[in-house]
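S.K.: Sequence first, then the predicted structure:
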Protein chains: 2
Amino acid sequence: MAHSTLCYELVHQARQRVSRLQNASSRQRALNSIIDAVGCMFIGAASATKPFGLTEPSNNGIAVVIGRSTRAGPSHAALLNGYHAHFLDFDDSLYPAQSHPTAVILPALLAAVSIKEVDAGVFFDALAVGFEFQGLLGELCAQRFYDDGWWTTALLGAPAAALAVAHVLGYTAEVSAHATALAIASSFGMKGCFGSSAKALGVGLSARAGFEAALLAQSGHTGPLGILEDARGPLALRNVNVASGPDYGRDSLFLDAPGPTYKLYPVCTAAHATIDALRQIREDGVTPEEVENITVRVNKYVVSCLTFARPNNREEAQFSLPFSVASVMARGTVGLAELDGDFINSEQLRRWFSKISIVEDPSVGIGSTSEGSGQEAAVVEVYTPRGRHEKRVDHAKGQTLNPLSPQDLEEKYLSLVSAAFSSDVAKDTLTTLKCLIDSTNVEKTLGTLVV
Amino acid sequence: MAHSTLCYELVHQARQRVSRLQNASSRQRALNSIIDAVGCMFIGAASATKPFGLTEPSNNGIAVVIGRSTRAGPSHAALLNGYHAHFLDFDDSLYPAQSHPTAVILPALLAAVSIKEVDAGVFFDALAVGFEFQGLLGELCAQRFYDDGWWTTALLGAPAAALAVAHVLGYTAEVSAHATALAIASSFGMKGCFGSSAKALGVGLSARAGFEAALLAQSGHTGPLGILEDARGPLALRNVNVASGPDYGRDSLFLDAPGPTYKLYPVCTAAHATIDALRQIREDGVTPEEVENITVRVNKYVVSCLTFARPNNREEAQFSLPFSVASVMARGTVGLAELDGDFINSEQLRRWFSKISIVEDPSVGIGSTSEGSGQEAAVVEVYTPRGRHEKRVDHAKGQTLNPLSPQDLEEKYLSLVSAAFSSDVAKDTLTTLKCLIDSTNVEKTLGTLVV
């Protein structure tokens, strides 16, 4: 009976598909996502300077916390690594799931390898299984969830992480299904947390929820396997009709196509096309001094993501389109240095706000998320005494239709880790990460990623 | 600005109202809820025989786990005590919040007193503040949430627990508001988990979420204070209109009126009126041998809660009306002994199922939850060769309009703890609990409630 549930079917399909389709190129792609997420964890660990509040004696530490010198208990490590991975909201995304997958799945896997020794093959497969489950579940509900205001990273990430952990730890399909059901039953997430600590903390909580759900299921705790089709389950309660399931017939892994997108700027992806367009206009020779007005045309989706007109702090600035525009005009880009309270509240930046108009324009195209193109196109018009300068960007750099090269990703990694630690640490840990793909003991390799 | 949010206002009102209205009789009522929950924790700790899956070294233990010999880290203790408190679904309820409040709030408070020494006055006030917040938030949304299929114990319990912890630890109103906002942002809960381990585990997860949210807020992490009125917050996303706020003018604490309800039987409250009615019919002289058919008339609400027609295990039996009816006919009651897999699947019990009809009858009244009367009335008709025997029960024993006496509660406590441990442990720990109200060091007093 259990086998007829949607939850079980998704688990079965994700596991089957990965074992059938996984290959060397998928593993290379998985490595890209790991490198990107580990870079974010390093800078997150260094940037999260507030005391964490929840402490755990270090003598309890068997699991690595990237960028920290002391280890932690596995559950706590999953929480910390997830929090750090998403601290700057700079980690990868998977459009079909409208989620940041690696920031949740990888911390759960780091916790899992602290309790079982595995090689890179198992580890990378597990990441792919998590991606696959998140993509399939995403096809079922992610767009509707996200549009309505639910936060899919937390909602879909926890069960994906649970399944990935179950894979690394060698659990049966039955236990794996219970693990995902337990994680679904305890998953949460609403976009109202954007702009507060609750977003990054939510990634850590989801990573921990996924890790713990797997261990609980293996201990005999049963998940509500019928939760996905239940009238009191997460889909019906969020008005998703489960009659049309995901497409099990697609002939690639989500990890491969569309694959994750990566960020060049540490702000919401919805602002990236605007940033790229403005930077191009500046490269074309328009100087900040001569700019009189800026109009940014974006669609409804972008407007709904970027809700802070006048941000007061980093978290709000990351979801503010005027902030990104003003930052490019004042500093030429939006990087780590710009996510600084003093700059965000500076007179220099605020002077720009009165010159910026954001216009919701339905004619600015909306891409197909299933093909991995985002909905974040932008048309930027800059007015100077010399006239009007317009630039349209459909796919920001980092989107799958305008991808970062492996070199771009390595540069991003090196700049993140160098900013927080040193260029030696950055180079050494990148070398280690690139060797991960051939590791016979993942935990031992990862154990060097501390400082 | 922060102060104008609904979240902040609810926190403010709950704190104010308790400081204004709390008195000796409220504390006595709080003690009743503590005794009931601790009894449930004892039997839960003894009944939860599966390995927990998540382990923590005992050298990490500073927080008491009721009914266990080793302590645990505070977060883990909150998780375990909450899981045990709700393991049998036998703990108290508060109708205006459609929730089990004590099972979530008390475990969070037990964790809190492990990191700060407090006396009974502060401790009982904190429980009342948690109740008050949960009642106020409940007035805003609980009925709608619960009817739609959301699980209010998890959704409303976590922020109530966060506020109670903030009270015990002496946090400011501002930090307390951030704590509740963080807990709301990470709260979850859907009734689809009824009938699986996910329900009791969910109570533990909510207790931990509440405890951790308080500590995170005190460390400077900010919650999304506007989350309750946010269009992407938990109320709008669940179709609750916040225009009509809760009634801040009511002249009693929720703890006092309507106050919590207590359970005489370890199954969903929705089955209790039916059980009472059937037991009365048996007391009137109708013997099981002569019963030909039984018809139970209940309203839609009861039907929606009790979804398992033919339960296979304890969790399903607790949400099965035929099970409760058959159990009373076969054994005279529904107690701990009846929640046994062998009995649930016995031929003796299953023979009764064909004789039982459940009829949804809108004319069976629905009470007003704000007055603490439930919606769980039942009309039971038993047919024998001698004729028809009908009994209507509007308020099952344990409801606030048909309350358990302090003696009833003590008997329940003694039977629970005796069943798991011994009558000496039961008597001794009850004596300790009754002294709690005058304790100058709550943690020290609670520390004796281990075995």
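M.R.: Here it is on my side, so go on.

S.K.: The residue of the stretch 351-451 of chain A found nearest chain B: neighbour count?
M.R.: In the stretch 351-451 of chain A, the residue that lies nearest chain B is A:Glu360 (15.7 Å; C-beta to the nearest C-beta). Backbone N, C-alpha and C define where each C-beta goes, glycine included. For A:Glu360, the neighbour count with other C-beta atoms under 10 Å in any protein chain shown is 13.

S.K.: surely it meets A:Tyr301?
M.R.: No: using C-beta atoms under 8 Å, A:Glu360 is not in contact with A:Tyr301; the gap is 9.7 Å.

S.K.: Quick check: A:Tyr383 is in a helix.
M.R.: No: using DSSP: H, G, I helix; E, B strand; the rest coil, the assignment for A:Tyr383 is strand, not a helix.

S.K.: What residues are bridge-paired with it?
M.R.: Beta-bridge partners recorded for A:Tyr383 (DSSP bridges): A:Asn293, A:Arg388.

S.K.: Just confirm it contacts A:Glu290, I think it does.
M.R.: No: counting by C-beta under 8 Å, A:Glu290 is not a contact partner of A:Tyr383; they are 9.6 Å apart.

S.K.: So for the two, which sits in the more crowded spot?
M.R.: Taking other C-beta under 10 Å, A:Tyr383 and A:Glu290 do not tie; A:Tyr383 has more neighbours (17 against 12).

S.K.: who's in contact with the more buried one?
M.R.: Counting by C-beta atoms under 8 Å, 6 or more residues apart in numbering or on different chains, A:Tyr383 touches A:Val291, A:Glu292, A:Asn293, A:Ile294, A:Thr295, A:His389.

S.K.: give me the element A:Gly210 is part of.
M.R.: For A:Gly210, the host element (DSSP states H and E) is helix A:198-218.

S.K.: Could the C-alpha coordinates of the helix or strand just after that helix be exported in CSV?
M.R.: Next helix or strand after helix A:198-218 toward the C-terminus (DSSP H and E): helix A:234-237. The C-alpha coordinates for helix A:234-237 follow below in CSV (Å, rounded to 0.1, in the frame of the first residue of the first chain):
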residue,chain,number,x,y,z
PRO,A,234,1.2,20.4,2.0
LEU,A,235,0.0,20.4,-1.6
ALA,A,236,-3.8,20.5,-1.1
LEU,A,237,-3.4,23.0,1.7
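
S.K.: quick one: helix A:234-237 near chain B?
M.R.: Yes: using C-beta under 8 Å from any C-beta of the partner chain, helix A:234-237 comes into contact with chain B via A:Pro234, A:Ala236, A:Leu237.

S.K.: Wait, the last one touches B:Gly149, no?
M.R.: The reference is to A:Leu237. Yes: between A:Leu237 and B:Gly149 there is a contact at 5.2 Å, judged by C-beta under 8 Å.

S.K.: and for those two, which residues touch both?
M.R.: B:Met190.

S.K.: Domain-wise, how is chain A divided?
M.R.: A:2-262+A:440-446, A:269-393 (automatic domain parsing).

S.K.: Deepest-packed of these, please.
M.R.: Stretch with highest mean neighbour count among the domains of chain A: domain A:2-262+A:440-446 (a mean of 24; mean count of other C-beta atoms under 10 Å in any protein chain shown).

S.K.: how far out from the middle of the chain is stretch A:112-130?
M.R.: In terms of C-alpha atoms, centre = their mean, to the nearest Å, the centre of stretch A:112-130 is set 19 Å apart from its chain centre.

S.K.: Can you check the distance spanned by it, start to finish?
M.R.: For stretch A:112-130, the first and last residues are 13 Å from each other (C-alpha to C-alpha, to the nearest Å).

S.K.: average pLDDT for that stretch?
M.R.: Averaged across stretch A:112-130, pLDDT comes to 91.

S.K.: before we move on, back to that, now the residue of the stretch 351-451 of chain A closest to chain B. Nearest residue, chain neighbours left out?
M.R.: Of all residues not flanking A:Glu360 in the chain, A:Val303 sits nearest, at 5.0 Å (C-beta to C-beta, 6 or more residues apart in numbering or on different chains).
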